[in-house]
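Student: Quick one: sequence plus predicted model below, questions after.
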Amino acid sequence: MNFQSIKKFTTMDKNIDLKDIITFLDNSLIAVYGEPDFVVIKHLRDPENVDEFTLDWINPLKPDKQKIAETSKAKVIIADKEVVFSETLKNQEKVLLIVDNPKLAIAKVGNEFFVERPTPGIHPSAIVHPDAQIGENVFIGANSVIENCIIGDDTIIDTNVHIYSTVIIGKYCSVKSGAVLGGMGFGFEKDENGNLFRFPQIGNLFIGDYVEIGANTCIDRGALSDTVIGDHCKINNLCHIAHNNKIGKNVVITEHVVIAGSNIIEDDVWIAPNASIRGWLTIGKGATVGMGAVVVKDIPAGETWVGNPARKLEK
Amino acid sequence: MNFQSIKKFTTMDKNIDLKDIITFLDNSLIAVYGEPDFVVIKHLRDPENVDEFTLDWINPLKPDKQKIAETSKAKVIIADKEVVFSETLKNQEKVLLIVDNPKLAIAKVGNEFFVERPTPGIHPSAIVHPDAQIGENVFIGANSVIENCIIGDDTIIDTNVHIYSTVIIGKYCSVKSGAVLGGMGFGFEKDENGNLFRFPQIGNLFIGDYVEIGANTCIDRGALSDTVIGDHCKINNLCHIAHNNKIGKNVVITEHVVIAGSNIIEDDVWIAPNASIRGWLTIGKGATVGMGAVVVKDIPAGETWVGNPARKLEK
Amino acid sequence: MNFQSIKKFTTMDKNIDLKDIITFLDNSLIAVYGEPDFVVIKHLRDPENVDEFTLDWINPLKPDKQKIAETSKAKVIIADKEVVFSETLKNQEKVLLIVDNPKLAIAKVGNEFFVERPTPGIHPSAIVHPDAQIGENVFIGANSVIENCIIGDDTIIDTNVHIYSTVIIGKYCSVKSGAVLGGMGFGFEKDENGNLFRFPQIGNLFIGDYVEIGANTCIDRGALSDTVIGDHCKINNLCHIAHNNKIGKNVVITEHVVIAGSNIIEDDVWIAPNASIRGWLTIGKGATVGMGAVVVKDIPAGETWVGNPARKLEK
């Protein structure tokens, strides 16, 4: 397949008046150099594909920022104040927007002008329990099945999601396609014949505000206790979070992470892809769990653990 | 989000007459102390949240069981016979139920009185092949797609499940949301130009009785042989079981386990989260595979293997 | 469950005239011995279950091929030219088909005569954006949700798949059930309060021709750049491929593989189950990544790396 030839059919281009971007950035703008009138921005692009209509930005960590600005093909550049509006830039008729944090600025502009948000509403093919409490401005995508649960305002539920009854989800959350929330946990007892049967899984699942849950991720309800996911947690695709976990705020759980039952994960923990956490452990505030780490012991706050089995990484 | 404030909206509370529980426990009850008449049980809870209306239970392994009973906030407690109906318990007007195995008793009571079973039936949004053989008392959830296969009595198929044709599932099974059963295995040949194409995957997938299959788990059909999952196997979320595996009875496969093709997994094996098994191996009866283990050799019966690559764990 | 007793209900048997198979194999057939007229082939089977109506084949790597042929229960056998049409075979009235590559021949016959292809068309329960560009002979299965994207000719989209807008998929691809293609990548910035919010994920996802994508696998779109999957890549179930990855041709990505963001995976790489690749790395042409490997460095072309962390495997 020749990707280049079909790229033109799939553009996400816009026609945005630069003045609207300047208005949006408002007081995070330190200075505007050049002539911003009648300038149109069509897209954001990675450095290799910048063109005239790109809103370009310069990473403050780069050593040769002035040169990057002066060789950029873009007409408009966001940079920090170490980039000056040189004669070269002036002669190129460029527009230079100065901010403290160019990446933050480009992220905010991108989200405001280029990211399409689904219009709030419930897709006709979604199946929502009549007693479910759905907040304002909620989007529920096609074929999702929402049992008798609570969903906060401004939350987005994508496609083919299943949310079991008595799950509580906060505001401004995003649940991606195929996620399964509030299923019964994997706890079994042996009966008199030695056969396994499920221990009752009748706790709740509480999910805070501003939480993201990745595609095909599964989070189980509590057994007799509850499963809790704190505000601002970001969870990527294909994770499993078992029953009774108590996860703090601002925890980042990347793809394919396994968190077995009844752990305490404190605020600001960062868990790298494909790590496993055994169950009944405490991962202390701000700790980092490395990629593929197999965690079988408590991790003290602030430490980084890696390996199989995971051990403290000495700097 | 303040979880406490909204918890009251999501109660799974019941109003159960203690006499009904006593009748249900029947001859597993060794003794009943106190006055069980007119006592109402509303919920099961973890130890930290026990209240007056909780049916509490005391883990036989705890060293201070008598004290736990005497300080429990619950009116009704299930314990083993080492807990006695002391003057303290009597004065507290508690009811003490004595059984051999308190956890087994609480599990059975929980499943009988607190776990909601879906009413048998096929959700109108499910798509079931007209020739599929669906047993009695089967539940098929919303948006599930059932091709021309056989599903035994009393089996529960949850939401968004896809079962391909010629899959055979036994009785009293549970297939959780998003599971994909009977897909074509990942076997390829190279054609004359060196390009890969799929080797035919035309074997069956047989799943026994009392098998649980987790959410978003994938089990492939056999290639020319069959894939077989024995009775009473419990498989958790997000597992991959490849073509031609022969899995015995009572095998526990926890979350995120990968079982590549053509292995023999004997009865009573226990596989911890995120373990990988290479293919063409035999895991002997009752063996244990550790969390994150990368198994590239046969494991003899009864042994425990851990690590990457997995090696025998010496006690 | 007694699997044998119900197997008869689930046969995928056909009634194929051997002459049709001979015509299909055409000039890859070196010789035909015996009498092929009026011979019926009903199935392909693994060696243990071969019967009279099986089209049997003999692996060229086996040491005792002649004996395997002479003891096979099948009437018709495909073998390489080291197997001769002995007096024994003649007396057994067998038919011997000689080819250079028996496994390739059986694979092609299997795909032609035994694998059921879905009839092209869009299932009435699928939800397809009115502006989506769907090629000829495309199959889109039940409950799949196809946003405004491009799907090439002869591609099969299975059940409960979600494809976001601006995804481009080539010809002769297969996307298995529950896959999620083109979701927003997992990239976050911190706002002024230290809370994470998503960096815009507005790049494309390009998928080449003859690509297979496994069940419940997730491939994210690019952030500002694109995610690219080359022709003839084969990706198994439950994989995560993050934003901005550039994956070459003929790359095999087995089950549960995690590829974090912005890697370059060159042609002909083979990645074993449950391996993780960190992000911003280059995996050189023809390299092999071992099962459960945790890759945190570039891998040179042609090398095999294993372990946690992954290291070069010295032969």
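Tutor: It's in.

Student: In chain A, mark out all the helices, start to finish.
Tutor: A:3-7, A:18-25, A:65-71, A:87-91, A:102-113 (DSSP state H).

Student: Burial-wise, tell me which of these comes out on top.
Tutor: helix A:102-113 (a mean of 20; mean count of other C-beta atoms under 10 Å in any protein chain shown). Bear in mind the C-beta positions are built from the backbone N, C-alpha and C, glycine included.

Student: what's near enough to touch whichever residue of the stretch 151-300 of chain A sits closest to chain B?
Tutor: Closest residue of the stretch 151-300 of chain A to chain B, C-beta to the nearest C-beta: A:P200 (2.9 Å). Contact analysis of A:P200 by C-beta atoms under 8 Å, 6 or more residues apart in numbering or on different chains lists A:223-224, B:44, B:106-107, B:110-111, B:114-115.

Student: could you redo the last one with a cut-off of 7 Å?
Tutor: Counting by C-beta atoms under 7 Å, 6 or more residues apart in numbering or on different chains, A:P200 touches A:223, B:44, B:107, B:110-111, B:114-115.

Student: Kindly report the same for A:D153.
Tutor: A:D153 touches A:135-138, A:171, counting by C-beta under 7 Å, 6+ apart.

Student: tally of neighbours for the closest residue to it other than its chain neighbours?
Tutor: Excluding the flanking residues, the one nearest A:D153 by C-beta to C-beta, 6 or more residues apart in numbering or on different chains is A:G135, at 3.7 Å. For A:G135, the count of nearby residues is 16 (other C-beta atoms under 10 Å in any protein chain shown).

Student: So A:G135 versus A:D209, what's the distance?
Tutor: Computed as C-beta to C-beta, to the nearest Å, the A:G135 to A:D209 distance reads 11 Å.

Student: Now do the shared contacts for those two.
Tutor: A:152, A:171.

Student: Any regions of the stretch 1-150 of chain A where pLDDT drops low?
Tutor: For the stretch 1-150 of chain A, applying pLDDT under 70 flags the ranges A:1-11.

Student: quick one: A:K73 from chain B, how far?
Tutor: A:K73 sits 38 Å away from chain B, taking C-beta to the nearest C-beta, to the nearest Å as the criterion.

Student: gap between the two ends of stretch A:175-191?
Tutor: 37 Å (C-alpha to C-alpha, to the nearest Å).

Student: so how far is it off the chain centroid?
Tutor: The chain centroid and the centroid of stretch A:175-191 are separated by 22 Å under C-alpha atoms, centre = their mean, to the nearest Å.

Student: can you pull the buried residues of it?
Tutor: A:175-189 (16 or more other C-beta atoms under 10 Å in any protein chain shown).

Student: Likewise for stretch A:304-315?
Tutor: If you call a residue buried by 16+ other C-beta under 10 Å, then stretch A:304-315 has these buried ones: A:304-310.

Student: Of those residues, just say which sits nearest to chain B.
Tutor: Among these, and counting by C-beta to the nearest C-beta, the member closest to chain B is A:N308, at 4.7 Å.

Student: Setting the sequence-adjacent residues aside, check what's closest to that closest one.
Tutor: A:V294 (4.2 Å).

Student: Which neighbouring residues are in contact with that neighbour, exactly?
Tutor: Contact analysis of A:V294 by C-beta under 7 Å, 6+ apart lists A:276, A:308-310, B:291-292.

Student: repeat for A:D226
Tutor: A:203-206.

Student: which of those residues come close to chain B?
Tutor: Filtering those for proximity to chain B by C-beta under 7 Å from any C-beta of the partner chain leaves A:204, A:206.

Student: What is the nearest of the contacts of A:D226 to chain C?
Tutor: Nearest to chain C among the contacts of A:D226, with distances taken as C-beta to the nearest C-beta, is A:F206, at 18.9 Å.

Student: What distance do you get for A:G141 to C:A242?
Tutor: 22 Å.

Student: before we move on, the earlier item: okay, and which of the contacts of A:V294 map to strands?
Tutor: Assigned to strands by DSSP state E, the following of the contacts of A:V294 qualify: A:S276.

Student: Take the contacts of A:V294 and write them to a markdown table, including distance to C:A69 and pLDDT.
Tutor: Below are the contacts of A:V294 laid out as a markdown table (distance: C-beta to C-beta, whole Å; pLDDT from 0 to 100):
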| residue | distance to C:A69 | pLDDT |
| --- | --- | --- |
| A:S276 | 48 | 98 |
| A:N308 | 47 | 97 |
| A:P309 | 51 | 98 |
| A:A310 | 53 | 98 |
| B:M291 | 47 | 98 |
| B:G292 | 45 | 98 |
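
Student: ok, of the contacts of A:V294, which one's closest to A:P60?
Tutor: A:A310 (33.7 Å; C-beta to C-beta).

Student: For the closest one, give its distance to A:D80.
Tutor: Taken as C-beta to C-beta, the span from A:A310 to A:D80 is 38 Å.

Student: same thing with A:N49?
Tutor: Remark: distance between A:N49 and A:D80 (C-beta to C-beta) = 23 Å.

Student: wouldn't A:R221 be in contact with A:G203 here?
Tutor: Yes - assessed by C-beta atoms under 7 Å, A:R221 is found in contact with A:G203 at 5.4 Å.

Student: shared neighbours of those two, anything?
Tutor: Taking C-beta under 7 Å, 6+ apart as the criterion, A:R221 and A:G203 both touch A:227, A:243.

Student: Quick check: closest non-adjacent residue to A:A301.
Tutor: Looking at A:A301 with C-beta to C-beta, 6+ apart, the closest residue is A:G284, at 3.2 Å.

Student: can you count the residues close to that neighbour?
Tutor: 17.

Student: give the contact list for it.
Tutor: A:266, A:299-302.

Student: just A:L18 next, same as before
Tutor: Shown in contact with A:L18 (C-beta under 7 Å, 6+ apart): A:36, A:39, A:41, A:76, A:95.

Student: Return the member of those nearest to chain C.
Tutor: Closest to chain C, out of all of the contacts of A:L18 and judged by C-beta to the nearest C-beta, is A:I41, at 13.0 Å.

Student: and that closest one, bridged to which residues?
Tutor: A:I16 (DSSP bridges).

Student: gap between A:W270 and C:G279?
Tutor: 14 Å.

Student: ditto for A:L18
Tutor: Taken as C-beta to C-beta, the span from A:L18 to C:G279 is 33 Å.

Student: try A:V269
Tutor: 19 Å.

Student: So for these two, which sits in the more crowded spot?
Tutor: The neighbour comparison of A:V269 against C:G279 (other C-beta under 10 Å) goes to A:V269, with 25 against 21.

Student: Hmm, A:I283 and that one touching each other?
Tutor: Yes - A:V269 lies in contact with A:I283 (C-beta under 7 Å); the separation is 5.2 Å.

Student: Find the nearest non-adjacent residue to the closest residue to chain C within the stretch 51-200 of chain A, please.
Tutor: Closest approach between the stretch 51-200 of chain A and chain C, counting by C-beta to the nearest C-beta: A:G110, at 3.0 Å. Nearest non-adjacent residue to A:G110, counting by C-beta to C-beta, 6+ apart: C:P200, 3.0 Å away.

Student: what do you get for A:V109?
Tutor: A:I21 (5.6 Å).

Student: Provide a list of residues in contact with the one you found.
Tutor: Contacts of A:I21 by C-beta under 7 Å, 6+ apart are A:41, A:109, A:113.

Student: same deal with A:A287?
Tutor: Residues in contact with A:A287 (C-beta under 7 Å, 6+ apart) are A:269, A:299, A:301-303.

Student: try it again with 6 Å
Tutor: By C-beta atoms under 6 Å, 6 or more residues apart in numbering or on different chains, A:A287 lies in contact with A:269, A:299, A:303.

Student: Go ahead and confirm the first one touches A:V251.
Tutor: Yes - judged on C-beta atoms under 6 Å, A:V269 makes contact with A:V251 at a distance of 4.8 Å.

Student: ok so, going back, could you check how far the residue nearest to A:N308 is from B:N216?
Tutor: 22 Å.
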